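In: Curious how this folds, go ahead:
(one chain, ligands or ions: 2)
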Amino acid sequence: MTATGLSCGSCGIDLPRNSKFCNECGAAVATATTPAEYKQVTVLFADVVHSMDIATAVGAERLREIMTELVNRATGVVQHFGGTVDKFTGDGIMAVFGAPVALEDHAVRACRAALGIQDETVRLAGDVKERDGLDLQLRVGLNSGEVIAGEIGSGALGYTTIGEQVGLAQRMESVAPAGGAMLSESTARLVGGTAVLGETEMVRVKGADAPVAAHRLLGMSETHRDVGRTESNLVGRRWEMAAIESLLDRAIDGYGTVVGVVGSPGIGKSRLVREVAAMAAARGVDFFAAFCESHASDIPFYVVARLLRAAFGVGDLDVAAARTQIRARVPDADPEDLLLFDDLLGIADPEVKLPKIDPDARRRRLTALVNAASLARQTPAVYVVEDVHWIDKVSESLLADFIAVIPQTRSVVLITYRPEYPGALNRVPGAQSIALAPLTDSETAALVSELLGDDPSVDALGQKIAERAAGNPFFAEEMVRDLTERGVLRGIRSAYFSTAGVAEVSMPATVQATIAARIDRLAPVAKRTLSAAAVIGSRFDPGLLETLGIEPIVGDLVLAELVDQVRFTGGPEYVFHHPLIRSVAYDSQLKSDRAELHRRVAAAIESRDPAAAEENAALIAEHLEAAGDLHAGYGWHLRAGAWATSRNMAAARSSWERARTIADTLPTDDPNQVAMRIAPRTMLCGIYAAWPG
Ligand SMILES: Nc1ncnc2c1ncn2[C@@H]1O[C@H](COP(=O)(O)OP(=O)(O)O)[C@@H](O)[C@H]1O
Ligand SMILES: [Mg+2]
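Out: Ligands and ions are numbered 1, 2, ... in the order given. Reported below is the predicted structural model:
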């Protein structure tokens, strides 16, 4: 490693960080690229309607001007929503949401971008109409699914996305109405609660024999994501509810509190908030809530304005009525301060000039106004701010000032966040904190059986779901949802029956995207550690990673709650925090990269401790088999069987069975096939004779 970590590939000299060319020999510098990966994304195509006709009417030069303007504006919108423009297609763009960096809400962002692009087009079309007398219109198509994303052609052509899902997005664009956006079924499913969609339309697209389902995108709904869902009964969480209940009782008596609820995605934070809302309602306590959103974390005042609008009861009023209401609620406030407050809430009268005050003073005055109102309030209230790991900086610092007086009020402020949130709101003096642990095995089983019902045909599936969900209720629900959508489960909620086997349980796209987004937030070195660890297995030690030539950056992974340390003495060991995290880290790697790693892991296990090779034989065999190296895997399975014979008959049997399975899958023209088929069978016969059953 050089001081900057960068050196010229041609002459070897050390280079300043971020150099594009060598300052000694002038060669282009190739920076390390991240390997290509499988990603869940939403692909967006936007195309100008009848661009050929426009070219004919105005000439190529003017067309180029119009296209440049359009592409610039569309690119701005795409970037605003966290997407990347993949390419200019000639008369439009292709954009991707969810690669290079995974986004758990890629489909929602793509929908917002589609609408934003149409708005920009309408604006530009006004100018074009005036100047050229032409109608400029755009079609937009969206599709979601798995693609391979990465550099192509040794990086010369840049980063791009490949897969049949890209083609379907383009097909959706081709059937979209001029000025509108069309979503494929998979995108529609992901945005169900958030977007307003047209009825299902069956459309014919190129390359498909049968018509495919599509939906018009009509708009985005501004109500809360959780509205209108069917809830399972609450399982567990008894002490958490009891704790919040007693904090609420104390608040009613005049001793307010701030409570942080921390937990990973899907563990039940929002659910707890809904239970608290019901608790507040049952006691006649006012309840106000606002939530942060991942696409709004750069929008200043986003969540603080929403919370205050709710708390001051102006959420549904028009701006003039809202201003009147505010003045009724804080009658003694300084008129200048009220103007600042209107501005903060987004209800300012554009005719009235804002007082000129420096930002610090402005903040002090707003804090004084809000805090005076909180202290004056005699009736108890619960305020909730959800998902503050996405809070914008301005809201965060204002809220931190506002909640400072809560202990002297009759209110409870509840904030929820994921473990990675490092911010100011979870460090309030005197605040309580509740960490939501995974549901216990019996709680998970209860939840799954409520979701599935008790038909005997779903027993085995239910067990598998409970096992894979590992205490995360969202994952359990999503797996059930996925199975019903794929028709594996039939019937209705709580009374399903199944026609298929257990192997059908796979990872739904929503869960995968949530986890992938967390993984992509890691620095590249930490991500590399995680990918390699996923190949090693659910339990791993940093020493083995080092043997593989990978610098183990485990601290970051522990902080992000992706892995947990399980052994502290005699060389640390780690396990994946959730089995699905390992699956995502594993499945996103290209099969060829993964095979190579498996091969190296097998070699590393063998070379690290040659004396224990027999003991580790079963593990080595697994890795070689996963690497696709069937002959070597077979050999190690036999060694594992031989080693286990005198120790554990069940283990020996399983090794020989694995060897037999490999031998049976070898092509018949393999010269060793016959001998390989016989050997494990001979061993198995011996066992069956000695250990029937
Ligand atoms: N204790 C529980 N009992 C039953 N269902 C639960 C429980 N906790 C969460 N759920 C359900 O699991 C899903 C995910 O929970 P949610 O509260 O949205 O997670 P989070 O906000 O932590 O990401 C929701 O549908 C919720 O109703
Ligand atoms: Mg939530």
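In: any idea which residue sits dead centre in the protein?
Out: Nearest to the centroid of the C-alpha atoms of the chain, with distances taken as C-alpha atoms, centre = their mean, sits Thr514, at 2.2 Å.
In: For Arg608, which non-adjacent residue is closest in space?
Out: Thr547 (5.4 Å; C-beta to C-beta, 6 or more residues apart in numbering). In short, each C-beta sits where N, CA and C put it, glycine included.
In: Could you list every helix and strand in contact with the helix or strand containing the residue nearest to the centre of the chain?
Out: Using DSSP states H and E, Thr514 sits within helix 509-520. Secondary-structure packing of helix 509-520 (3 or more C-beta pairs under 8 Å, 6 or more residues apart in numbering; DSSP states H and E): strand 37-48, strand 138-151, helix 185-191, helix 473-485, helix 524-536, helix 579-587.
In: let's see 10 Å
Out: strand 37-48, helix 106-132, strand 138-151, helix 185-191, helix 473-485, helix 524-536, helix 579-587 (3 or more C-beta pairs under 10 Å, 6 or more residues apart in numbering; DSSP states H and E).
In: wait, the residue nearest to the centre of the chain sits on Phe474?
Out: Yes: the pair Thr514 / Phe474 is scored as a contact, 8.1 Å apart, by C-beta atoms under 10 Å.
In: interface residues of the stretch 251-400 of the chain facing ligand 2?
Out: By C-beta under 5 Å from the ion, the residues of the stretch 251-400 of the chain that approach ligand 2 are 269-270.
In: in the stretch 251-400 of the chain, what residue is nearest ligand 2?
Out: Ser270 (3.3 Å; C-beta to the ion).
In: Help me confirm that that residue is found in a strand?
Out: No: Ser270 is assigned helix when assessed by DSSP: H, G, I helix; E, B strand; the rest coil, not a strand.
In: and it, how far is that from Tyr417?
Out: For Ser270, the distance to Tyr417 equals 12 Å [C-beta to C-beta, to the nearest Å].
In: Same question for Ala500.
Out: For Ala500, the distance to Tyr417 - C-beta to C-beta - is 39 Å.
In: for Lys393, same thing?
Out: Counting by C-beta to C-beta, the gap from Lys393 to Tyr417 is 15 Å.
In: How about Asp86?
Out: Taking C-beta to C-beta, one finds Asp86 at 33 Å from Tyr417.
In: Phi first, then psi, for the closest residue in space to Gly167 that isn't next to it in sequence.
Out: Of all residues beyond its chain neighbours, the one nearest Gly167 is Gly207 (7.0 Å), with distances taken as C-beta to C-beta, 6+ apart. Note on Gly207: its backbone torsions stand at phi 90, psi -10 [degrees, to the nearest 10].
In: one step back: intersection of neighbour lists for Ser270 and Tyr417?
Out: 261, 386-387 (C-beta atoms under 10 Å, 6 or more residues apart in numbering).
In: Now, these that are in strands?
Out: Among the shared contacts of Ser270 and Tyr417, the ones falling in strands (DSSP state E) are 261, 386.
In: buried ones in stretch 359-376?
Out: Residues 362-363, 365-367, 369-371, 373-374 are the ones in stretch 359-376 that count as buried (16 or more other C-beta atoms under 10 Å).
In: Just the ones of the residues you listed in helices?
Out: 362-363, 365-367, 369-371, 373-374 (DSSP state H).
In: okay, Ala500 and Tyr417: which has more neighbours?
Out: Tyr417 (23 against 15; other C-beta atoms under 10 Å).
In: Now do the same contact list for the more buried one.
Out: 260-263, 269, 292, 385-391, 423, 425-426.
In: ditto for Ala526
Out: Here Ala526 is in contact with 519, 551-557, 559-560, 562 (criterion: C-beta under 10 Å, 6+ apart).
In: run the last query once more with 6 Å
Out: Contact analysis of Ala526 by C-beta atoms under 6 Å, 6 or more residues apart in numbering lists 553, 556.
In: Then Asp343?
Out: Leu354.
In: Need the per-residue pLDDT for it.
Out: Listed pLDDT for Asp343 reads 88.
In: what about it, which helix or strand?
Out: Going by DSSP H and E, Asp343 is in helix 335-345.
In: Report the buried residues of stretch 246-253.
Out: 247-248, 251-252.
In: Stretch 643-652 too?
Out: Counting neighbours by 16+ other C-beta under 10 Å, stretch 643-652 gives 643-645, 652 as buried.
In: how about these in TSV, adding pLDDT?
Out: Listed next are these as TSV, based on pLDDT from 0 to 100:
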residue	pLDDT
Trp643	85
Ala644	81
Thr645	79
Ala652	83
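In: ok, the spatially closest residue to Gly313 that is not a sequence neighbour to Ala372 distance?
Out: Sequence neighbours aside, Gln325 is the residue nearest to Gly313 in space, at 6.3 Å (criterion: C-beta to C-beta, 6+ apart). Per C-beta to C-beta, Gln325 is found 17 Å from Ala372.
In: next one: Ala281
Out: On the measure of C-beta to C-beta, Ala281 and Ala372 end up 27 Å apart.
In: And Leu483, by the same measure?
Out: From Leu483 across to Ala372, the span is 54 Å (C-beta to C-beta).
In: Could you count how many residues lie near the closest residue to Gly90 other than its chain neighbours?
Out: Spatial nearest neighbour of Gly90, chain neighbours left out: Ser51 (7.9 Å); criterion: C-beta to C-beta, 6+ apart. When neighbours are counted by other C-beta under 10 Å, Ser51 registers 16.
In: try Asp459
Out: 14.
In: Could you pull out the buried residues of the one helix or strand it maps to?
Out: Using DSSP H and E, Asp459 sits within helix 459-469. Going by neighbour count (16+ other C-beta under 10 Å), the buried part of helix 459-469 is 461-462, 464-466, 468-469.
In: Would you mind getting the angle between it and helix 473-485?
Out: Angular relation of helix 459-469 and helix 473-485 on a 0 to 180 degree scale: 140 degrees, by axes from the mean of the first three to the mean of the last three C-alpha atoms, to 10 degrees.
In: All set now, cheers.
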